[in-house]
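Novice: Sequence and predicted structure, then a few things I'm wondering about:
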Amino acid sequence: MVVSCPARVISSKKKTRGRHGIPTIDLSSEDRARLSDQVVKACEEVGIFKVVNHGVSDKTVASMEMEALSFFSKPAAEKRRAGPATPFGYGCNAIGCNGDKGDLEYILLEANPGSISPTAHYSLNFRCVVRDYVDAVRNVACEVLEVAAEGLRVQDKRVFSRMLRDPQSDSCFRVNHYPHNASSSFGEHTDPQILTVLRSNDVDGLQIRTRDGLWVPVPADPKHMFVMVGDAFEALTNGRFRSVRHRVVGSCSLSLKARTSMMYFGAPGLNAVISPLVSPPHTRVLYKPFTWGEYKQAVYSLRLAHNRLALFNN
Ligand code: GA4
């Protein structure tokens with residue numbers, strides 16, 4: 001259940017200048033040591049950062065956005081043929097328990113390296129465009145994970161990225177569409193996976209909750225991408241990285257244009273064991289080992305509840 005939250009929202013002015021700013025990281029930087037320190041610091045302190053020079057071409061992004069918009073503009077009956085989302089497919093108002101409100105609609109697809117989910121409900125062009133986009137954002141996620149592993153001084157720098165490149169990976173891809181004429185929202189939650197790569201159009205709405213309980217707007221930036229730490233990364237790093245609570249709030253200011261966001265959720269295979277890989281000597285191991293499949297099952301039964309990881313506390 002989503003707990004209604006008394007936290008304050010700070011103004012975006014304070015956010016951009018003050019200590020609540022979202023870090024911006026240039027992924028093309030050749031100063032690898034500095035880059036990996038920046039990634040580790042952002043994952044520890046904020047759990048979200050903006051990535052510039054991410055390497056995904058404008059064309060790949062624009063084609064994906066166009067295909068998504070053309071899907072969402074179809075008549076309701078036609079879209080519903082690609083649903084219901086159980087969990088994959090087309091969904092609207094299906095999260096429940098205050099998770100989403102208003103007319104949010106979405107498509108959720110499997111996105112492991114071997115296959116992009118179906119099906120006859122999507123055109124061949126749609127599937128090709130999704131495959132290209134997902135391949136590109138997976139590369140962004142893997143690069144970030146490798147840089148993070150370096151920053152954490154893990155010997156095998158592919159230890160995290162390998163999980164996303166595994167053909168059995170349970171990664172998924174989601175496109176959310178918050179229509180212009182409604183006050184649609186998505187309740188606060190953390191993403192359960194390892195890492196999320198988010199790209200939205202130029203309509204605001206995303207907010208993150210800081211450690212001190214403030215809600216901070218994350219201004220939309222269609223040219224760049226945002227990377228968010230998920231629960232599985234928090235567990236893998238023994239709590240050193242913190243998954244970021246976030247929500248999308250609809251308001252009158254959303255009313256001119258629909259918000260469209262596209263998220264790649266990088267996850268391991270269902271049987272992959274998640275156990276803290278980087279706990280310095282003398283540090284208590286916070287989580288019992290669990291498989292991604294076990295965690296996913298807990299996530300679906302607890303829905304958007306707070307602190308699901310606590311189920312696996314040592
Ligand atoms: C939130 C993050 C991702 O969008 C998602 C969502 C998933 C779904 O829509 O099927 C969940 C939600 C998300 C967490 C709790 C459960 C599962 C809906 C829901 C009520 C795809 C994910 O992995 O977890």
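Specialist: The structure has been received and is ready for your questions.
Novice: and the stretch 151-300 of the chain, which residues reach the ligand?
Specialist: Residues of the stretch 151-300 of the chain lying near the ligand by Cβ under 6 Å from any ligand atom: 172, 174, 189, 191, 192, 265, 299, 300. (C-beta placed from N, C-alpha, C; glycine too.)
Novice: Could you save the residues you listed as CSV and add columns showing neighbour count and pLDDT?
Specialist: As requested, those are exported to CSV (neighbours: other Cβ atoms under 10 Å; pLDDT from 0 to 100):
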residue, neighbour count, pLDDT
172, 20, 96
174, 20, 96
189, 20, 93
191, 24, 97
192, 21, 97
265, 24, 98
299, 21, 93
300, 10, 89
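Novice: nearest spatial neighbour of residue 169, skipping sequence neighbours?
Specialist: Leaving aside its sequence neighbours, residue 169 sits nearest to residue 112 (Cβ to Cβ, 6 or more residues apart in numbering; 4.3 Å).
Novice: before we move on, what about residue 150?
Specialist: Sequence neighbours aside, residue 36 is the residue nearest to residue 150 in space, at 4.3 Å (criterion: Cβ to Cβ, 6+ apart).
Novice: any idea how far that neighbour is from residue 61?
Specialist: Per Cβ to Cβ, to the nearest Å, residue 36 is found 26 Å from residue 61.
Novice: now residue 110: how far from the ligand?
Specialist: 11 Å (Cβ to the nearest ligand atom, to the nearest Å).
Novice: CA atoms only: put the helix or strand hosting residue 60 into PDB for me.
Specialist: Element membership of residue 60, judged by DSSP states H and E, is helix 58-72. The C-alpha coordinates for helix 58-72 follow below in PDB (Å, rounded to 0.1, in the frame of the first residue of the first chain):
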ATOM      1  CA  ASP A  58      18.600  11.000 -31.100                       C
ATOM      2  CA  LYS A  59      17.100   8.900 -33.900                       C
ATOM      3  CA  THR A  60      16.700   5.800 -31.700                       C
ATOM      4  CA  VAL A  61      15.000   7.900 -29.000                       C
ATOM      5  CA  ALA A  62      12.800   9.800 -31.400                       C
ATOM      6  CA  SER A  63      11.700   6.600 -33.200                       C
ATOM      7  CA  MET A  64      10.800   5.000 -29.900                       C
ATOM      8  CA  GLU A  65       8.800   8.000 -28.800                       C
ATOM      9  CA  MET A  66       7.000   8.200 -32.100                       C
ATOM     10  CA  GLU A  67       6.000   4.500 -32.000                       C
ATOM     11  CA  ALA A  68       4.800   4.800 -28.400                       C
ATOM     12  CA  LEU A  69       2.700   7.900 -29.200                       C
ATOM     13  CA  SER A  70       1.200   6.300 -32.200                       C
ATOM     14  CA  PHE A  71       0.300   3.200 -30.000                       C
ATOM     15  CA  PHE A  72      -1.300   5.400 -27.300                       C
END
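Novice: buried stuff in that helix?
Specialist: Across helix 58-72, burial judged by 16 or more other Cβ atoms under 10 Å covers 60, 61, 63, 64, 65, 67, 68, 71, 72.
Novice: And the average pLDDT for it is what?
Specialist: Averaging pLDDT along helix 58-72 yields 96.
Novice: elements contacting it?
Specialist: Applying 3 or more Cβ pairs under 8 Å, 6 or more residues apart in numbering; DSSP states H and E, one finds that helix 58-72 makes contact with strand 105-110, helix 124-151, strand 172-178, strand 259-266.
Novice: I'd like the ones you listed as CSV, with distance to residue 234 appended.
Specialist: Below are the helices and strands packed on helix 58-72 laid out as CSV (distance: least, Cβ to Cβ, whole Å):
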stretch, distance to residue 234
strand 105-110, 22
helix 124-151, 12
strand 172-178, 19
strand 259-266, 14
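Novice: closest to residue 159 out of the ones you listed?
Specialist: Closest approach to residue 159 among the helices and strands packed on helix 58-72 (Cβ to Cβ): helix 124-151, 5.7 Å.
Novice: Contacts only, for residue 276.
Specialist: Contact analysis of residue 276 by Cβ atoms under 8 Å, 6 or more residues apart in numbering lists 235, 236, 237, 238, 239, 285, 286, 287.
Novice: Make sure residue 46 is actually in contact with residue 244.
Specialist: Yes. Residue 46 is within contact range of residue 244, at 6.8 Å (criterion: Cβ atoms under 8 Å).
Novice: okay, those two: which has more neighbours?
Specialist: Neighbour count, other Cβ atoms under 10 Å: between residue 46 and residue 244, residue 244 has more, with 25 against 21.
Novice: From residue 142, how far off is the nearest residue to the more buried one once chain neighbours are set aside?
Specialist: Spatial nearest neighbour of residue 244, excluding adjacent residues (Cβ to Cβ, 6+ apart): residue 47 at 3.1 Å. According to Cβ to Cβ, residue 47 and residue 142 sit 19 Å apart.
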